[in-house]
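Participant: Please find the sequence and the predicted model below.
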Number of protein chains: 2
Amino acid sequence: MATSEASPAGSAESMEIIAQYFRILGDAQRLRILHCLQSGEHTVGEIAAATQASQSNVSKHLGILRANGLVGRRQDGNRAYFGITAPFIFELCDIVCSGARQRLERERALLPANS
Amino acid sequence: MATSEASPAGSAESMEIIAQYFRILGDAQRLRILHCLQSGEHTVGEIAAATQASQSNVSKHLGILRANGLVGRRQDGNRAYFGITAPFIFELCDIVCSGARQRLERERALLPANS
DNA sequence: TTACTATATGACTATCCAGTTATATAGTAA
DNA sequence: TTACTATATAACTGGATAGTCATATAGTAA
């Protein structure tokens, strides 16, 4: 019988699952949307204005984020309010951010003396 | 004059930089390679065997990982040894992993009673 | 030198996906 | 009802990229 447990750590399937999450986060516009939602729930229109994107663009990205469990949707009258459901994404961003900073510093240290 | 500092937290440019890191990690084969390197340095051939991929496939992915500062290369005679230079990627994977697990549990709890 | 092994890379193809436009759906208000 | 607003979505297009194959490069060994 197949295991009813999660895939083993290094398996091809589990890697694909993890990669899928990273792929979702690998788009600047989606990151902008998530960043916007960090301050709390917002409507599609608000997000579109904040990220300077079209309504249909934002709606599409929100659909992807929601399908992958990163945001949630609440309808109120005419509008749809979206909010973060997976706060761990901000941990990810923080780690990447400091990782990128470290790399820049390391590379700067290797460069000829400009400053 | 332009700022000589890093981009502001929510700026379009900084989002693109972060997204780029996630995009690099958003490929299962690259994750497999990184997972393989978690146990220490390995040659291209060793990685190819471990991940069941072609030599040229692995070499190409290693080039991408190296160009983005995630792995380093050391040549020894005929072979090239690659190793992790950005251990924070494993933190990222761990966080994503537990996030994914939580989501599965949450969804399982919402499903009709099968077990 | 030649032969062999290990790695890198150019060219090509197929696939995926972000963005746009136009349209559909649905709630509100007159 | 009609008109308006907010959101979702189908269809299309262009660009990015993963995989493969063939070839180039380079180190080793005879």
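Facilitator: Looks like it arrived, so ask away.
Participant: burial measure for A:L34, as a count.
Facilitator: Counted with other Cβ atoms under 10 Å in any protein chain shown, the neighbours of A:L34 add up to 23. Yep, even glycine has a C-beta here, placed from its N, CA and C like the rest.
Participant: Could you look up the SS state of it?
Facilitator: With DSSP: H, G, I helix; E, B strand; the rest coil as the basis, A:L34 sits in helix.
Participant: ok, now how distant is it from DNA strand D?
Facilitator: Using Cβ to the nearest atom of the strand, to the nearest Å, we find A:L34 at a distance of 15 Å from DNA strand D.
Participant: what residues are up against that residue?
Facilitator: By Cβ atoms under 8 Å, 6 or more residues apart in numbering or on different chains, the contact list for A:L34 reads A:25, A:65, A:70-71, A:84, A:89-90.
Participant: Can I get these in JSON lines including pLDDT, distance to A:R108 and secondary structure?
Facilitator: Listed next are these as JSON lines, based on pLDDT from 0 to 100; distance: Cβ to Cβ, whole Å; DSSP: H, G, I helix; E, B strand; the rest coil:
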{"residue": "A:L25", "pLDDT": "98", "distance to A:R108": "26", "secondary structure": "helix"}
{"residue": "A:L65", "pLDDT": "98", "distance to A:R108": "35", "secondary structure": "helix"}
{"residue": "A:L70", "pLDDT": "98", "distance to A:R108": "34", "secondary structure": "coil"}
{"residue": "A:V71", "pLDDT": "98", "distance to A:R108": "36", "secondary structure": "strand"}
{"residue": "A:I84", "pLDDT": "98", "distance to A:R108": "34", "secondary structure": "strand"}
{"residue": "A:I89", "pLDDT": "98", "distance to A:R108": "28", "secondary structure": "helix"}
{"residue": "A:F90", "pLDDT": "98", "distance to A:R108": "27", "secondary structure": "helix"}
